[in-house]
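Trainee: Show me the folded form of this:
(chains A, B, C and D)
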Protein chains: 2
Amino acid sequence: MSKTDSPKATRERLLNEAEALFAEKGYEAVSVREITTAAECNLAAVNYHFSSKWNLYLEVFRERWIPRARRIHAAFRESLNAKEAFSPTDVVEALARAFLEGPLTDEERSRHHQLMAREMAKPSGAFELLAREAMQPFFMEVAGMLHQVGVGSSPAPKDDLFLNILSMMAIVLFYNFARNAVTRITGKPYDEAFRKGLVEHIIRYSLSGMGLQAPARS
Amino acid sequence: MSKTDSPKATRERLLNEAEALFAEKGYEAVSVREITTAAECNLAAVNYHFSSKWNLYLEVFRERWIPRARRIHAAFRESLNAKEAFSPTDVVEALARAFLEGPLTDEERSRHHQLMAREMAKPSGAFELLAREAMQPFFMEVAGMLHQVGVGSSPAPKDDLFLNILSMMAIVLFYNFARNAVTRITGKPYDEAFRKGLVEHIIRYSLSGMGLQAPARS
DNA sequence: GTCTATAGCAGGATAGAC
DNA sequence: GTCTATCCTGCTATAGAC
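Mentor: The predicted model follows:
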């Protein structure tokens, strides 16, 4: 890349390519050479801009993952604030839509959940960041909302509410990080049409799972 | 290890330690040196017994993962065969119990699902094996059973049945491969008591999600 | 800020003694 | 079957020219 590109261009390209590669293959499976080649810059650029491969990884979470999580959370809140009052059903639907057809492009969604799944499988330094700054607070916020509107009040313990939300998130995560497997098993391509059907499925499944709606069919 | 150990001992130890390490860290993050140290044998043993690190990885699936999957599937069938007739509810419950309190030890369960999650996130040569030999046939078997007893018949399309089963599997997978994250978020240790509660939760959530049971509370 | 060149080390694999 | 010794490749990281 020529020096006439905007000054931060290299750093930004490195973050982009690094995120894509880390999401796809995992930290150890990606080499600095691979990243700098993809970013069309020199091998030494990673150490210049981020001082180490490991810190580049952390920076991907700080500068890309967390802001994106916040965008999703903001989309969720907005769609609820658009209503004057909301029901538990509204919360679940807003949640599913924010994560599955919210502000992200499809590729961003895939990356986002792949990185998340990898950190959940084997938490590294990045997981603490991710949990503290995004997951934990958002999880509590949603739990509070649902509790306030009557889900998870007695006789159902709050523990149950936690598991209900977790299970819904588990489904959202799964369909995003395991796209290859889903395609292989269902035999259907993971395209726009499939994703649309998924959103409906997940909303219905989660609502019923949480006991918020009578089964659609008996 | 002394030469007086049974002849296959080294090979078996290698498979055991390799599986544990691959499950915990992923293929690339584990070195042959790490495996042979854990197995208390010589560095060259991997190449002697398995010819390459990659083939050791595949062998872990062939000789450990697939047989274990079959044990789970067998436990599932047995618990249904014990009944003279079974309902859709029985199928879901048998499914959950086979995977969550079936024939595996807790550590085996963790390994099993970690390896599975890794292959689903980024399928390698092992995924094709795993899908063809275990997941795909079992998935079809369960779908057939549920369809036969009336789930997923019209007006609900069979596609919906597929997603219903997938989502249940997604939840089972999640709670096993993301134990650290679950513990971090819920604040509860992933112990025997927690697991018992999980089984009940997953059965209830999945049954309702599939529209098989009225919500337990309204 | 970007490059080349290279240090320094860890990785997988193999040859050959025992 | 198991070991030691070693090859060679690829890795991260850094020094220093431009």
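
Trainee: can you list the residues that contact stretch A:142-159?
Mentor: For stretch A:142-159, contacts defined as Cβ atoms under 8 Å, 6 or more residues apart in numbering or on different chains pick out A:80, A:86-88, A:91, A:95, A:160-162, A:164-165, A:210, A:212, B:186, B:188, B:197, B:217. (Each C-beta comes from the backbone N, C-alpha and C, glycine too.)

Trainee: For DNA strand C, what is the nearest residue in chain A?
Mentor: A:Asn42 (3.0 Å; Cβ to the nearest atom of the strand).

Trainee: Please enumerate the helices of chain A.
Mentor: Assigned by DSSP state H, chain A shows helices spanning A:9-25, A:32-38, A:45-50, A:53-60, A:66-81, A:88-101, A:106-121, A:125-130, A:136-148, A:158-177, A:179-186, A:192-209.

Trainee: possible to save those as JSON lines with mean neighbour count, mean pLDDT and distance to DNA strand D?
Mentor: Converted to JSON lines, those look like this (neighbours: other Cβ atoms under 10 Å in any protein chain shown; pLDDT from 0 to 100; distance: least, Cβ to the nearest atom of the strand, whole Å):
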{"stretch": "helix A:9-25", "mean neighbour count": "20", "mean pLDDT": "98", "distance to DNA strand D": "10"}
{"stretch": "helix A:32-38", "mean neighbour count": "17", "mean pLDDT": "98", "distance to DNA strand D": "3"}
{"stretch": "helix A:45-50", "mean neighbour count": "17", "mean pLDDT": "98", "distance to DNA strand D": "3"}
{"stretch": "helix A:53-60", "mean neighbour count": "18", "mean pLDDT": "98", "distance to DNA strand D": "4"}
{"stretch": "helix A:66-81", "mean neighbour count": "16", "mean pLDDT": "97", "distance to DNA strand D": "22"}
{"stretch": "helix A:88-101", "mean neighbour count": "21", "mean pLDDT": "96", "distance to DNA strand D": "31"}
{"stretch": "helix A:106-121", "mean neighbour count": "22", "mean pLDDT": "98", "distance to DNA strand D": "16"}
{"stretch": "helix A:125-130", "mean neighbour count": "18", "mean pLDDT": "96", "distance to DNA strand D": "13"}
{"stretch": "helix A:136-148", "mean neighbour count": "16", "mean pLDDT": "94", "distance to DNA strand D": "29"}
{"stretch": "helix A:158-177", "mean neighbour count": "23", "mean pLDDT": "95", "distance to DNA strand D": "23"}
{"stretch": "helix A:179-186", "mean neighbour count": "19", "mean pLDDT": "94", "distance to DNA strand D": "23"}
{"stretch": "helix A:192-209", "mean neighbour count": "20", "mean pLDDT": "96", "distance to DNA strand D": "34"}
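
Trainee: Phi and psi next, for the residue of chain A closest to DNA strand C.
Mentor: Note on A:Asn42: its backbone torsions stand at phi -80, psi 150 [degrees, to the nearest 10].

Trainee: Can you get me a residue count around it?
Mentor: Using other Cβ atoms under 10 Å in any protein chain shown, A:Asn42 is surrounded by 12 other residues.

Trainee: roughly how far apart are it and A:Val32?
Mentor: 11 Å (Cβ to Cβ, to the nearest Å).

Trainee: got a list of what A:Ile171 touches?
Mentor: Applying Cβ under 8 Å, 6+ apart, the residues contacting A:Ile171 are A:202, A:205-206, B:167, B:170-171.

Trainee: From B:Ala94, how far out is it?
Mentor: The value you get for A:Ile171 to B:Ala94, if Cβ to Cβ is used, is 21 Å.

Trainee: about what we covered before: pretty sure the residue of chain A closest to DNA strand C contacts A:Thr36?
Mentor: Yes - if you go by Cβ atoms under 8 Å, A:Asn42 and A:Thr36 touch, sitting 6.2 Å apart.

Trainee: In contact with the closest residue to A:Gln213 other than its chain neighbours, which residues are there?
Mentor: Counting by Cβ to Cβ, 6 or more residues apart in numbering or on different chains, A:Leu207 is the residue found nearest to A:Gln213 once chain neighbours are left out, at 4.4 Å. Neighbour list for A:Leu207: A:89, A:92-93, A:213 [criterion: Cβ under 8 Å, 6+ apart].

Trainee: Quick check: the farthest pair among those residues?
Mentor: Greatest spatial distance among the contacts of A:Leu207 (Cβ to Cβ): A:Glu93 and A:Gln213, at 10.6 Å.

Trainee: what's the distance between the nearest residue to A:His73 once chain neighbours are set aside and A:Arg70?
Mentor: Of all residues not flanking A:His73 in the chain, A:Phe138 sits nearest, at 5.2 Å (Cβ to Cβ, 6+ apart). According to Cβ to Cβ, A:Phe138 stands 9 Å off from A:Arg70.

Trainee: cool, A:Gln148 as well?
Mentor: 22 Å.

Trainee: Also A:Thr36?
Mentor: A:Thr36 is 29 Å from A:Arg70, by Cβ to Cβ.

Trainee: likewise A:Glu17?
Mentor: For A:Glu17 relative to A:Arg70 (Cβ to Cβ), the value is 22 Å.

Trainee: Same question for A:Ala20.
Mentor: Counting by Cβ to Cβ, the gap from A:Ala20 to A:Arg70 is 20 Å.

Trainee: ditto for A:Leu80
Mentor: A:Leu80 is 16 Å from A:Arg70, by Cβ to Cβ.

Trainee: Kindly report the same for A:Tyr57.
Mentor: 20 Å.

Trainee: circling back: restrict the contacts of stretch A:142-159 to those near DNA strand C?
Mentor: By Cβ under 7 Å from any atom of the strand, no member of these lies near DNA strand C.

Trainee: Pull up the gap between A:Gly150 and A:Val91, please.
Mentor: Taking Cβ to Cβ, one finds A:Gly150 at 11 Å from A:Val91.

Trainee: what do you get for A:Ala131?
Mentor: In terms of Cβ to Cβ, A:Ala131 sits 22 Å off from A:Val91.

Trainee: Pretty sure A:Met210 sits against A:Glu93.
Mentor: No - at 11.6 Å, A:Met210 does not count as touching A:Glu93 under the criterion of Cβ under 8 Å.

Trainee: Now do the contacts for A:Arg179.
Mentor: Counted by Cβ under 8 Å, 6+ apart, A:Arg179 has contacts A:110, A:190.
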